[in-house]
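Colleague: Predicted model and sequence below, questions to follow.
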Amino acid sequence: MNRITSLFKNKTSDEGLLNVYFTAGFPKLNDTLNVLTALQEGGADLVEIGMPYSDPVADGETIQKSNDQALENGMTVRILFDQLKDMRNTIHVPVLLMGYVNPVLQYGIENFCKKCAEVGVDGLILPDMPMDVYETEYKQIFDTYGILNIFLVTPQTSEKRIRQIDEVSEGFIYTVSSASVTGSKSGVSGDMESYFNRLNAMNLKNPRLIGFGIKDHATYKKASDYAAGAIIGSAFIRVLEQSTDLSNDIKTFVREVKNEPLEVLSA
Amino acid sequence: MEAVAEKNSFQVNNRGYYGTFGGAFIPEMLYPNVEELRENYLQIIAEPAFQKEYNDLLRNYVGRPTPLYRANRLSEKYKTNVFLKREDLCHTGAHKVNNTIGQILLAKRLGKQRVVAETGAGQHGVATATVCALMNIECIVYMGELDIERQAPNVARMKMLGAEVRAATCGSKTLKDATNEAMRHWINNPIDTHYIIGSVVGPHPYPDMVARFQSIISEEMRWQLKEQTGSETPDYVVACVGGGSNAAGAFYHFLDDENVKLVAVEAAGQGVNSGHSAATTALGKPGVLHGSRTILMQTEDGQVTEPYSISAGLDYPGIGPQHAYLYDSGRGTFLSATDEESVQAAFELTRLEGIIPALESSHALAVLGRLGASENETVVLNLSGRGDKDMATYMKYID
């Protein structure tokens, strides 16, 4: 079974799952695997690795700048797969790749999915891949290689479309908390709560993770009250930007977000 | 409607595609905005009240119909019959305003209180700021930080018209980054804002909508040609292509006339293979840019590359999806002109006809000698804009 599917299936506690996003090849080209390892050790439940792109329209300034830096560092899709080729020797958490559709198209969808399966990537998040194109042109390829495609819903997504997305989705639905690009707003407002409640009342078949505006323990906890867990991106990129000791800073950040008691950590 | 769609196979299909090009490759955050437009644009444009207001403004505010002028000395030089469609005489100095008038009327009918736009050289930004002033709608224009430095007069015009000019500071800090910022602004303000895209690019329905608003160019060409030559159709229609809005408008009503050769001229910059070029079809590959599947300049890894042209209006790494289809299907002929050839063509037109063209339009002029048009044939060239904005560049070539 796909690692994402089993993670959600085997989730027993009320504690929210924490998905952390970081940009591949950032801050330095060869930091990818180190960041991934530290996230797992710190307690991230799943990890989303961003494939840097020249024109990331759904992302705010923080993630854009990390994309620019990673590209300047020389990051490419090929290099990323090379960096990840032995990750499953040590990494057991589900790993997703997030990016924009053009670099994936240039690599070739089939080659890309095949390579994901080879290195042990479990799912993709391609925000600018239209649902109808996915269904008619690519779903079969994703299925062949056991790669899940994660779709987004936003507060403006109609109920009809949410149900269509739920139908096509496997793994989880990425619930965008507010009308915004990444990193531009913080916190969980009353409007968002009614939107999250509306989603809960729909009894969707897929679990949901809430992203955008999640930055610390309080926002993670709040999101976890309304969904299976939360996704942190820009706030974590800011930690990477400022870090002088990546491994320790990453583990500290993840622990503080999850706020696990110390004895659990040492066990 | 069905029969029309079938007959005109170069128009967008009901799924938003031109062949395999087009579509709406957008993040979910933009889906409701684009869907609102898609569901409403055809109906709103068809409303008699909309048509009346649009046509009144084109006539009395923009100054349409623009003349179709037989350029006698230019014709003599190239031993053929050259007609210039004088879009340079439009209010604000280029064809861009045909589209912004249409979209501002649409935005009003959709109840939008704010407009956001991207601009490269500033022509579309000025045309947008102009109609926002006219309609008393708040206007925000994103412009690359580098372009703001390079195009100071147009920045001043936009500000005088009451627009807020915001710098795009990420990526290459030019047009494509301004487009990204405008899209992000729209994501952040989905309810009350309309995004006026300036070219036939972006997710469906933008390429079709902008082409429709620009199609007035070829609609007028047909009856003007009939008046002046006795035939509604020329042998060649020539236009420059950055994103391709003036070309889309100039080709629109000739797409099904197979005898009319449609010639699109891209910017070769310092030469197609110089590494400093914007000749998209020569250098690009199919991919996804700004919400549509089209042909774009990119690295092997699928990163969008920064183009180069002396003309800021052609300095774009993609072309509209309809143009990609015209190229791919062979219906369109795609040529390119270098910086040098275009500047020479600008001086030639100025000295032969007393018309100073925009650098963009000069690229179209630069291929006149390469068409192989005979003395019995007719060439219509879309003179998309005037050269006032380019005087600083032209001055460097004087003496």
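Modeller: The structure has been received and is ready for your questions.
Colleague: quick one: contacts for residue 259?
Modeller: Using chain A here. By CB atoms under 8 Å, 6 or more residues apart in numbering or on different chains, the contact set of A:Asn259 is A:217, A:221. Every residue, glycine included, has its C-beta placed from N, CA and C.
Colleague: switch to chain B, that's the one I care about
Modeller: When contacts are counted by CB under 8 Å, 6+ apart, B:Asn259 touches B:233, B:235.
Colleague: got the CA positions of the helix or strand B:Glu341 falls within in PDB?
Modeller: Using DSSP states H and E, the element containing B:Glu341 is helix B:339-353. Extracted in PDB, the C-alpha atoms of helix B:339-353 (Å, rounded to 0.1, in the frame of the first residue of the first chain):
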ATOM      1  CA  ASP B 339      17.000  44.400 -33.600                       C
ATOM      2  CA  GLU B 340      19.100  45.800 -36.300                       C
ATOM      3  CA  GLU B 341      16.700  44.900 -39.200                       C
ATOM      4  CA  SER B 342      13.800  46.300 -37.200                       C
ATOM      5  CA  VAL B 343      15.400  49.700 -36.500                       C
ATOM      6  CA  GLN B 344      16.400  50.000 -40.100                       C
ATOM      7  CA  ALA B 345      12.800  49.200 -41.100                       C
ATOM      8  CA  ALA B 346      11.600  51.900 -38.700                       C
ATOM      9  CA  PHE B 347      13.800  54.500 -40.300                       C
ATOM     10  CA  GLU B 348      12.800  53.400 -43.800                       C
ATOM     11  CA  LEU B 349       9.100  53.800 -43.000                       C
ATOM     12  CA  THR B 350       9.700  57.100 -41.400                       C
ATOM     13  CA  ARG B 351      11.600  58.500 -44.400                       C
ATOM     14  CA  LEU B 352       9.300  57.000 -47.000                       C
ATOM     15  CA  GLU B 353       5.900  57.600 -45.500                       C
END
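Colleague: which element follows that helix toward the C-terminus?
Modeller: Per DSSP H and E, helix B:339-353 leads on to helix B:359-365 as the next helix or strand towards the C-terminus.
Colleague: what's that following helix packed up against?
Modeller: The helices and strands touching helix B:359-365, judged by 3 or more CB pairs under 8 Å, 6 or more residues apart in numbering or on different chains; DSSP states H and E, are strand B:236-240, strand B:261-269, strand B:332-338, helix B:339-353, strand B:378-383.
Colleague: Show the average pLDDT along that helix.
Modeller: The average pLDDT for helix B:359-365 rounds to 97.
Colleague: got the buried residues for that helix?
Modeller: Judged by neighbour count (16 or more other CB atoms under 10 Å in any protein chain shown), helix B:359-365 contains these buried residues: B:359-365.
Colleague: likewise stretch A:22-30?
Modeller: A:22-27, A:29.
Colleague: Check which helix or strand the most centrally placed residue in chain A maps to.
Modeller: Note on chain A: the residue nearest the mean C-alpha position is A:Glu48, at 3.6 Å, using CA atoms, centre = their mean. Assessed by DSSP H and E, A:Glu48 sits inside strand A:46-50.
Colleague: Count residues in the vicinity of B:Met160, would you?
Modeller: B:Met160 has 11 neighbouring residues, counting by other CB atoms under 10 Å in any protein chain shown.
Colleague: Same question for B:Phe50.
Modeller: Count around B:Phe50 with other CB under 10 Å applied: 17.
Colleague: and the stretch 251-399 of chain B, which residues reach chain A?
Modeller: B:285, B:287-291, B:296, B:298, B:300-304 (CB under 8 Å from any CB of the partner chain).
Colleague: ok so, going back, just list what the helix holding B:Glu341 packs against, helices and strands only.
Modeller: By 3+ CB pairs under 8 Å, 6+ apart, helix B:339-353 packs against helix B:72-78, strand B:261-269, helix B:359-365, helix B:391-395.
Colleague: at 7 Å what do you get?
Modeller: The helices and strands touching helix B:339-353, judged by 3 or more CB pairs under 7 Å, 6 or more residues apart in numbering or on different chains; DSSP states H and E, are helix B:72-78, helix B:359-365.
Colleague: can I get those helices in a markdown table with distance to B:Val343?
Modeller: Output for the helices and strands packed on helix B:339-353, formatted as a markdown table (distance: least, CB to CB, whole Å):
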| stretch | distance to B:Val343 |
| --- | --- |
| helix B:72-78 | 16 |
| helix B:359-365 | 7 |
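Colleague: Show me what counts as buried in the helix holding B:Glu341.
Modeller: Buried residues in helix B:339-353, counted by 16+ other CB under 10 Å: B:339, B:341-349, B:353.
Colleague: Then stretch B:126-137?
Modeller: Buried-residue list, stretch B:126-137, by 16+ other CB under 10 Å: B:126-132, B:137.
Colleague: Spit out the contact partners of residue 169.
Modeller: This is for chain A. By CB atoms under 7 Å, 6 or more residues apart in numbering or on different chains, the contact list for A:Ser169 reads A:150-151, A:206.
Colleague: sorry, should have said chain B
Modeller: By CB under 7 Å, 6+ apart, the residues touching B:Thr169 are B:Glu145.
Colleague: distance of it from B:Gly318?
Modeller: According to CB to CB, to the nearest Å, B:Thr169 and B:Gly318 sit 22 Å apart.
Colleague: So A:Leu105 is in contact with B:Pro286, correct?
Modeller: No. Look at A:Leu105 against B:Pro286 with CB atoms under 7 Å: they stay out of range, at 8.0 Å.
Colleague: Just the pLDDT at residue 100, thanks.
Modeller: By default, I'm working from chain A. 98.
Colleague: I was after chain B.
Modeller: pLDDT, B:Thr100: 98.
Colleague: ok, of the contacts of A:Ser169, which one's closest to A:Ala230?
Modeller: A:Ile150 (14.5 Å; CB to CB).
Colleague: Specify the beta-bridge partners of the closest residue to that closest one other than its chain neighbours.
Modeller: Counting by CB to CB, 6 or more residues apart in numbering or on different chains, the nearest residue to A:Ile150 once its immediate chain neighbours are dropped is A:Ile125, at 4.6 Å. Beta bridges link A:Ile125 to A:Met98, judged by DSSP bridges.
Colleague: Quickly list what the residue nearest to the centre of chain A is bridged to.
Modeller: In beta-bridge terms (that is, DSSP bridges), A:Glu48 pairs with A:Tyr21, A:Leu96.
Colleague: show me what contacts it?
Modeller: A:19-21, A:96, A:98, A:125, A:231.
Colleague: where does residue 224 land in three-state SS?
Modeller: Picking chain A for this. helix (DSSP: H, G, I helix; E, B strand; the rest coil).
Colleague: residues near the closest residue to it other than its chain neighbours, how many?
Modeller: Spatial nearest neighbour of A:Ser224, chain neighbours left out: A:Gly16 (2.5 Å); criterion: CB to CB, 6+ apart. Here the count is done by other CB under 10 Å, and A:Gly16 has 24 residues near it.
Colleague: mind checking how far A:Gly16 is from chain B?
Modeller: 22 Å (CB to the nearest CB, to the nearest Å).
Colleague: for A:Glu193, same thing?
Modeller: According to CB to the nearest CB, A:Glu193 stands 19 Å off from chain B.
Colleague: pLDDT score for the closest residue to that residue other than its chain neighbours?
Modeller: Nearest in space to A:Glu193, with sequence neighbours left out and distances taken as CB to CB, 6+ apart, is A:Tyr226 at 7.1 Å. On the pLDDT scale, A:Tyr226 is placed at 95.
Colleague: try A:Ser178
Modeller: Value for A:Ser178, per-residue pLDDT: 87.
Colleague: Let me see the contact set for it.
Modeller: Neighbours of A:Ser178 in contact, by CB under 7 Å, 6+ apart: A:155, A:185, A:192, A:212-213.
Colleague: Then B:Gln322?
Modeller: B:Gln322 makes contacts with B:18, B:200, B:207, B:211, B:248, as judged by CB under 7 Å, 6+ apart.
Colleague: The second one reaches B:Gly243, doesn't it?
Modeller: When you say that, I think you mean B:Val200. Yes. With contact defined as CB under 7 Å, B:Val200 reaches B:Gly243; the gap is 6.0 Å.
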